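Peer 1: Show me the folded form of this:
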Amino acid sequence: MNKTIKYNDWVAEINGQILTITKGKESREYDIKEKIVSVDYVEGDEYFYIRTFGRTYYAFKFEVDNFFVGDKFYNLNDEFAEGYASFQFGEE
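Peer 2: Just a heads-up that it's a prediction; the model follows:
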């Protein structure tokens, strides 16, 4: 699965099972362990979703103040599984 999402000055790139988030000159990588089935994104929205084979999906959000967050959910009833990504860019 390969896909690029652009939102304001954020870039999210999915290359195989790796999600790379870039803001400015800083990047973070996240390994999606489950096989990715689809990436859902509506242009201009601050949210995007990675659907996986099985019973999980990931919801990510480009937040204010350079903050990126993502959570993992179970598909059957949208039950929260775990916090997955949480990083504030530009804090160096």
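Peer 1: Can you give me the separation between residue 18 and residue 47?
Peer 2: Taking C-beta to C-beta, to the nearest Å as the measure, residue 18 falls 20 Å from residue 47. Heads up, the C-betas are built off the backbone N, CA and C, glycines and all.
Peer 1: repeat for residue 84
Peer 2: Distance, residue 84 to residue 47, by C-beta to C-beta: 14 Å.
Peer 1: Between these two, point out the one with more neighbours.
Peer 2: When residue 84 and residue 47 are compared for neighbours, residue 84 comes out ahead with 17 against 13, by other C-beta atoms under 10 Å.
Peer 1: Hmm, residue 72 and the more buried one touching each other?
Peer 2: Yes. With contact defined as C-beta atoms under 8 Å, residue 84 and residue 72 form a contacting pair (4.8 Å).
Peer 1: residues shared between the contacts of those two?
Peer 2: Listed as contacting both residue 84 and residue 72 by C-beta atoms under 8 Å, 6 or more residues apart in numbering are residue 58.
Peer 1: Could you point out the longest strand of the chain?
Peer 2: Longest strand in the chain, counting residues (DSSP state E): strand 79-88.
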